[in-house]
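1. build me a structure from this.
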Amino acid sequence: MTTPKAPAGQLTNWVREELAARITRGELADGSQLPTERELSDTFGVSRVTIRRALASLAEDGFVYAIQGRGTFVAAGRLAEPPNTLLSFHDMVAGESVVVGAQVLGASVRPATLTEAELFGIAPGASLFELERLRTLDDLPVAIDSNLLPLALEPELPTIDWSQESLYSRLEAAGHAPVTADYSVEARSADEREAELLATSVGSPLLVAESRAFAERDRLIVLGLISYRGDRYRFRSTLVAQPSPRLRLDSRRPR
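-> Okay, here's the model as predicted:
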């Protein structure tokens, strides 16, 4: 390939656009591993520093992702929830051409604190089931998923294989289907444990979603916390315009 004569910044952009075009055209398939920095450097006739900068730019825009010790891979698109729809992680990716996986990091029973008991409307010290899983798509770590719920909802929870089972589906089968949820999302940096589990670097961006799922009659049944790799998740919502307070006030003025 003929390398254009240009300043370093323009070379970085040229390499980035060339690789982005190959990904868009499908020449580099979703999930495939890119050549090494040395191989790309030889292919494009530029320095490895230029390649590294181009790959970093592609990662920021979600075209590729890096796994420490393994290399750089073509991203299969960001995971995104349908707007205003309550779904489990498994249901959210159902029908996608990816393999959904879950590694159980912890599944235990413990007594509820006073605060937790008040939130769930149960007695202090009543049994809670705490579940933490590492969620994967095509073996790529995507999110750390934690849930807390009263054991009384389904006493068999500790005996279930949570690498295969959907929590929401299990609750629905037990007659406690979540019907609404309060949901909030914030961005923060990955700590050492999160970075190791999600195969990223300390300080890399995460999107952290806190949720409170309710059954009928506004009964809280699940407290959830899920931390997504920032380059693998997109949050979507539907916003509806409302009249401003000034307009509502003016509408009441006598004509």
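2. where does the stretch 151-255 of the chain dip in pLDDT?
-> Low-confidence regions of the stretch 151-255 of the chain, defined by pLDDT under 70, span residues 232-255.
3. for it, which segments are assigned as helices?
-> Applying DSSP state H, counting those that start in this stretch to the stretch 151-255 of the chain gives helices spanning 167-173, 192-197, 245-250.
4. report the buried residues of the second one.
-> Think helix 192-197. 194-195, 197 (16 or more other CB atoms under 10 Å). C-beta coordinates here come from the backbone N, C-alpha and C atoms, glycine included.
5. same question for the first one.
-> For helix 167-173, the buried set under the neighbour-count rule, 16+ other CB under 10 Å, comprises 167-168, 170-171.
6. greatest separation within those: which pair is it?
-> Based on CB to CB, the longest span within the buried residues of helix 167-173 runs between 168 and 170 and measures 7.3 Å.
7. please state the offset of the helix or strand containing residue 17 from the chain centre?
-> Using DSSP states H and E, residue 17 sits within helix 8-25. On the basis of CA atoms, centre = their mean, to the nearest Å, helix 8-25 is displaced by 27 Å from the centre of the chain it belongs to.
8. pLDDT on that helix, on average?
-> Averaging pLDDT along helix 8-25 gives 86.
9. give the next helix or strand downstream of it.
-> Per DSSP H and E, the first helix or strand lying C-terminal to helix 8-25 is helix 37-44.
10. and for the closest residue to residue 16 other than its chain neighbours, the neighbour number?
-> Counting by CB to CB, 6 or more residues apart in numbering, the nearest residue to residue 16 once its immediate chain neighbours are dropped is residue 54, at 4.2 Å. Per other CB atoms under 10 Å, the neighbour tally for residue 54 reads 25.
11. repeat that for residue 49.
-> Residue 49: 13 neighbours (other CB under 10 Å).
12. now do the host helix or strand of it against helix 37-44, angle only.
-> Taking DSSP H and E as the definition, residue 49 sits inside helix 48-60. Per axes from the mean of the first three to the mean of the last three CA atoms, to 10 degrees, the angle that helix 48-60 makes with helix 37-44 is 100 degrees.
13. elements contacting helix 48-60?
-> Judged by 3 or more CB pairs under 8 Å, 6 or more residues apart in numbering; DSSP states H and E, helix 48-60 is in contact with helix 8-25, helix 37-44, strand 64-67.
14. of those, which stretch is the most buried?
-> strand 64-67 (a mean of 20; mean count of other CB atoms under 10 Å).
15. just checking: what are the partner strands of it?
-> Paired neighbours of strand 64-67 in the sheet (DSSP bridges): strand 71-74 (antiparallel).
16. quick revisit: contacts for the helix holding residue 49, please.
-> The contact list for helix 48-60 (CB atoms under 8 Å, 6 or more residues apart in numbering) reads 8, 11-13, 15-16, 19-20, 23, 34, 37-38, 40-41, 44, 64-66, 72, 231.
17. do I have it right that residue 170 meets residue 154?
-> Yes: between residue 170 and residue 154 a contact is recorded at 6.3 Å, counting by CB atoms under 8 Å.
18. that older thread, dump the buried residues of helix 167-173 to a markdown table, plus distance to residue 146.
-> A markdown table is the format used below for the buried residues of helix 167-173 (distance: CB to CB, whole Å):
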| residue | distance to residue 146 |
| --- | --- |
| 167 | 11 |
| 168 | 15 |
| 170 | 16 |
| 171 | 16 |
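19. please identify which of those residues is nearest to residue 123.
-> residue 171 (20.5 Å).
20. ok, now which ones touch that closest one?
-> Neighbour list for residue 171: 149, 153-154, 177-178, 221-222 [criterion: CB under 8 Å, 6+ apart].
21. for ChimeraX, what selects the buried ones among the residues you listed?
-> Of the contacts of residue 171, the buried ones go into a single ChimeraX selection, burial set by 16+ other CB under 10 Å:
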select :149,153,154,178,221,222
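22. ok, back up a step: quick check: angle from the helix holding residue 49 to helix 8-25?
-> Computed by the same axes, to 10 degrees, the angle separating helix 48-60 from helix 8-25 equals 50 degrees.
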